[in-house]
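Asks: Sequence first, then the predicted structure, then my questions.
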Amino acid sequence: MEEKKYNLIYERWLPIAGGKSISLAELFNNNDVPNLGGNIVEIISILRFLLAISQRAFTPRDENEWRFTDIETFKGKVWEYLECNEDMFYLYHPQYPFLQVKDIANTTKKPFSILNILLPSDNAPILTDFQQMKTDISDEEKAILLLTALNFALSSKRGNSKKEGGDGKALPPGPAIGKKGYVHVFFMGNSLIETIYANLLTEEEIKDLPGMKYGLGSPIWEILSQNNGRIPENRDTIVHSYLGRLVPLTRSILLVNDGVYYR
């Protein structure tokens, strides 16, 4: 049986402005962590993930509760949630690897480059060496690629061609792109914790969001763990909930040491 490896709570994988990486444990037990580093696609994807964790742990009832809750109380609630649910945050797990689908391991294995939306597709010409991706990437890089691929998946036949066992139709784009593209706007604080807290929505605000008939909902990692790494038949509660949009399940992905299963 595959062993549990690389827990995202304790491993250092979050890129921080200035070049270093920290863990979720370090983030939610400190006040002076600077804002995220990386390219803009990575920053947006990781910030949405951090917001999803935070909203799951603490969603204020209204603006009054948001305004009068101090940062230490907020951090304590998030850290308590992470400690109680650490088994869900293993990038490699025999039953439910983080944000991955176990039952696609019988499909064709692909290179990690399929997860990188900044690189050309399999049949596109490469103009420069910068458009090539190394094959021996770290677990830190895999975790970031996983988040960016789920948020910013492009509409394409990647993983769904008839040759790969699909129906040959283009898969829809990720919710961070949408059909016409979105402008992503976030309030920025003096630290990453301040930035996260400034962008929390209240229960009242979530009720007013269009298309969110299930309100806050449950995060994908909880849903997958409850279904032993499989996608539930009814995905309506995922698609039409706030947490299901912050960290979506737009593609079925399974990471392995030398490649990725993708559909």
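Replies: Ah, there it is.

Asks: Low-confidence regions, the stretch 151-263 of the chain specifically.
Replies: For the stretch 151-263 of the chain, the stretches flagged by pLDDT under 70 are 156-168, 170.

Asks: Mind jotting down where the strands sit in it?
Replies: Assigned by DSSP state E, counting those that start in this stretch, the stretch 151-263 of the chain shows strands spanning 253-256, 259-262.

Asks: Name every strand pairing with the first one and say which way it goes.
Replies: Meaning strand 253-256. strand 259-262 (antiparallel) (DSSP bridges).

Asks: List of residues touching the partner strand?
Replies: Identification of contacts with strand 259-262 by C-beta atoms under 8 Å, 6 or more residues apart in numbering yields 104-105, 107-112, 114-115, 158-159, 251-254. Every residue, glycine included, has its C-beta placed from N, CA and C.

Asks: and the residues you listed, which two are the farthest apart?
Replies: 105 and 158 (17.8 Å; C-beta to C-beta).

Asks: Need the residue closest to the centroid of this structure.
Replies: Centroid-nearest residue in the chain: residue 147, 3.6 Å away (criterion: C-alpha atoms, centre = their mean).

Asks: Excluding chain neighbours, what is closest to that one?
Replies: The shortest distance from residue 147 to any non-neighbouring residue, by C-beta to C-beta, 6 or more residues apart in numbering, is to residue 45 (4.2 Å).

Asks: What is the helix or strand hosting the one you found packed up against?
Replies: Element membership for residue 45, per DSSP states H and E: helix 40-57. Applying 3 or more C-beta pairs under 8 Å, 6 or more residues apart in numbering; DSSP states H and E, one finds that helix 40-57 contacts strand 14-15, helix 71-84, helix 139-152, helix 192-198, helix 242-246.

Asks: And residue 105 and residue 158? Which one has more around it.
Replies: Using other C-beta atoms under 10 Å, the more surrounded residue of residue 105 and residue 158 is residue 158, with 22 against 11.

Asks: related to what we said a few turns ago, please type out the ChimeraX selection for whichever of the contacts of strand 259-262 turn out to be buried.
Replies: To isolate the buried ones among those in ChimeraX, judged by 16 or more other C-beta atoms under 10 Å, type:
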select :104,107,110,111,112,114,115,158,159,251,252,253,254
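
Asks: what sits against the closest residue in space to residue 79 that isn't next to it in sequence?
Replies: What sits nearest to residue 79 in space, not counting adjacent residues and going by C-beta to C-beta, 6+ apart, is residue 28, at 4.6 Å. By C-beta under 8 Å, 6+ apart, the residues touching residue 28 are 75, 78, 79, 82, 193.
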